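Participant: Pasted the sequence and its predicted model underneath.
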Amino acid sequence: MKLTTRGYYSIKALLDLSLQANYGPASVREIAKRQSIPAPYLEKLLIKLRRAGLVESIRGAHGGYKLERSPDLISLGHILEAVGESIEPMPKIRTQSNAEDWVTYMVWQRLNQRVKVAIYEISLEDLYYDARSWQAAQGEAISFIV
């Protein structure tokens, strides 16, 4: 599995939203500035994330985007799937006719399945605490810019 800019920016944007007080709304401009993401591109990603039920858009002067559900209920797999990322860790492997190739194929199939399961077990909340722990270990002030 290769994480593209689309997936990386989507994860950063949702981590940013998870840091808002009471998971309140944040504008595209604010998120884009904090996370160094081009605002027009971020808007397109947030639309996809909204359609997938991961974020909600709030209209008005104090509007923006906010998480649709709590960070512990949003998995890395949900985020990547919402923006059209492949969650297949390995490309499809063609099977061969001899036993050695078949065994190799089955090993990779089992590994692929376990990685796929793990992607859905890692929550946005897990990523938040991982980033926070890393920043603390580095002695950095907690800025929450991922």
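Facilitator: That came through, no problem. Numbers count the residues shown, from 1 in each chain.

Participant: Tell me which residue lies farthest from the centre of the protein.
Facilitator: Of all residues in the chain, residue 98 has its C-alpha farthest from the mean position, at 39.3 Å, by Cα atoms, centre = their mean.

Participant: so who does that residue touch?
Facilitator: By Cβ atoms under 8 Å, 6 or more residues apart in numbering, no residues touch residue 98. Placement of C-beta: from N, CA and C, glycine included.

Participant: quick one: low-confidence ranges for this protein?
Facilitator: For the chain, the stretches with pLDDT under 70 are 1, 88-97, 99, 140-146.

Participant: now the strands: where do they sit in it?
Facilitator: 55-58, 64-67 (DSSP state E).

Participant: Format these as CSV; extra columns: mean neighbour count and distance to residue 35.
Facilitator: Listed next are the strands of the chain as CSV, based on neighbours: other Cβ atoms under 10 Å; distance: least, Cβ to Cβ, whole Å:
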stretch, mean neighbour count, distance to residue 35
strand 55-58, 18, 14
strand 64-67, 21, 13
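
Participant: can those strands go into a markdown table with extra columns for distance to residue 33?
Facilitator: As requested, the strands of the chain are exported to a markdown table (distance: least, Cβ to Cβ, whole Å):
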| stretch | distance to residue 33 |
| --- | --- |
| strand 55-58 | 18 |
| strand 64-67 | 13 |
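
Participant: what's the closest of those strands to residue 120?
Facilitator: strand 64-67 (17.5 Å; Cβ to Cβ).

Participant: any idea where the helices of this protein begin and end?
Facilitator: 5-18, 28-35, 39-51, 76-82, 99-121, 124-137 (DSSP state H).

Participant: how about those helices, which one is nearest residue 61?
Facilitator: Using Cβ to Cβ, the nearest of the helices of the chain to residue 61 is helix 28-35, at 13.3 Å.

Participant: Tell me what angle the closest one forms with helix 39-51.
Facilitator: 110 degrees (axes from the mean of the first three to the mean of the last three Cα atoms, to 10 degrees).

Participant: ok, residues contacting helix 28-35?
Facilitator: By Cβ under 8 Å, 6+ apart, helix 28-35 touches 9, 12-13, 16-17, 37-39, 42-43, 46, 64-65, 145-146.
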